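Enquirer: Sequence and predicted structure below; questions after.
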Amino acid sequence: MLTVPWFVACGPGEPKVDEARESEWAALIQAKAELDGMRQERSALEAQLAALAVAEEEPAEEGAEEGAEAARSAEETQQKLDAMQEELVEKADGFIENLVGYLNADPMIEGEPPTERQLAAVRMKSSEDLVVAQEYIDKGGDYQRAINIYQNSLMIDPDNPELQAALESALASRWMSQERFALAKKGMTQDEIRGVLGQVNLYNVRDYEDRDVTAWFYPTAEGGYAAAVWFKENKKSGQLEAYQIKYDAVSPEQTGE
């Protein structure tokens, strides 16, 4: 019996199936499911770590044993979280490399509608791009990086409503508005400020060690304009709390630009 490499026999009129490509597609589906599962586990660990941090700070009614146990658990959870994050980055990079290779092996032809499999592969990449871009916003306050990801993804998946909505949201949130900034109040902790204003871009955090002050700057417009929240340690609670809040904190005129 004559066999054709990479293909299985099909009935009359049925398209031949590339076994190697089907196996590659199945592996991509499995890898994406594993990535999403790991991200859910990471979220659970992050929630657990936050709860332990609260338990560690609260005074124990029966001595310091509970606080010490919470500290030990927090350290172990942080180690697990760090290891998982490292593994996640490695797996995500490998997944994207394999997915792009899969797409490039059967590229879409301009002017022709994509096949069902091509569209599924493109949407799989868009799904991953949405996750990664949101992480840049949530963990690093990097709206511009997220916007670039959305825009690049829309170039190959222009009809994706989730991508378009995410892009519009990022564009609307990249500059701090006066209305949103008004939600920040003196006495708020950093977590509370983060809750109302969003994650500050890590490049926009300044530590003034000579004054024991930390400042978070939120861009309000292009050209160097920024709002700011300054934090000092509350001697009673030991937490950094906002003591000065100013919307027009930085402008090109002030910096001499």
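Expert: Great, that's in hand.
Enquirer: Just the pLDDT for residue 130.
Expert: Here, the pLDDT recorded for residue 130 equals 97.
Enquirer: do the same with residue 20
Expert: In this model, residue 20 carries a pLDDT of 92.
Enquirer: ditto for residue 5
Expert: In this prediction, residue 5 has a pLDDT value of 35.
Enquirer: now do residue 105
Expert: Predicted confidence (pLDDT) for residue 105: 94.
Enquirer: now residue 123
Expert: 96.
Enquirer: Then the one 10 residues further on?
Expert: In the predicted model, residue 133 carries a pLDDT score of 97.
Enquirer: Look at it and tell me its secondary structure.
Expert: Under DSSP: H, G, I helix; E, B strand; the rest coil, the three-state class of residue 133 is helix.
Enquirer: In contact with it, which residues?
Expert: Contacts for residue 133 were tallied using C-beta atoms under 8 Å, 6 or more residues apart in numbering; they are 145, 146, 149, 150, 166, 170. Where C-beta positions appear, they are placed from N, C-alpha and C, glycine not excepted.
Enquirer: Distance-wise, check the first one relative to residue 202.
Expert: When C-beta to C-beta, to the nearest Å is the yardstick, residue 145 and residue 202 sit 11 Å from each other.
Enquirer: out of these two, which sits in the busier spot?
Expert: Comparing residue 145 with residue 202 by other C-beta atoms under 10 Å, the one with more neighbours is residue 145, at 17 against 11.
Enquirer: Does anything pack onto the strand ranked longest in the chain? Which helices or strands?
Expert: For the chain, the strand reaching the highest residue count under DSSP state E is reported as strand 240-250. Of the remaining helices and strands, those touching strand 240-250 by 3 or more C-beta pairs under 8 Å, 6 or more residues apart in numbering; DSSP states H and E are helix 178-181, strand 213-221, strand 225-233.
Enquirer: switch the cut-off to 6 Å
Expert: Taking 3 or more C-beta pairs under 6 Å, 6 or more residues apart in numbering; DSSP states H and E as the contact definition, the neighbouring helices and strands of strand 240-250 are strand 225-233.
Enquirer: Next, the angle from the strand it packs on to strand 213-221.
Expert: On the basis of axes from the mean of the first three to the mean of the last three C-alpha atoms, to 10 degrees, strand 225-233 is oriented at 160 degrees to strand 213-221.
Enquirer: Tell me the strands beside strand 225-233, with direction?
Expert: The pairing partners recorded for strand 225-233 under DSSP bridges are strand 213-221 (antiparallel), strand 240-250 (antiparallel).
Enquirer: hmm, who's touching that strand?
Expert: Under the contact criterion C-beta atoms under 6 Å, 6 or more residues apart in numbering, strand 225-233 has outside partners 176, 181, 184, 193, 213-220, 240, 242-247, 249-251.
Enquirer: for that strand, what is the average pLDDT?
Expert: When the per-residue pLDDT values of strand 225-233 are averaged, the result is 97.
Enquirer: related to what we said a few turns ago, buried among the contacts of strand 225-233? Need that as a selection in PyMOL.
Expert: Below is the selection syntax for PyMOL that covers the buried ones among the contacts of strand 225-233, with 16 or more other C-beta atoms under 10 Å defining burial:
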select buried, resi 176+181+184+193+213+214+215+216+217+218+219+220+240+242+245+247+249+250
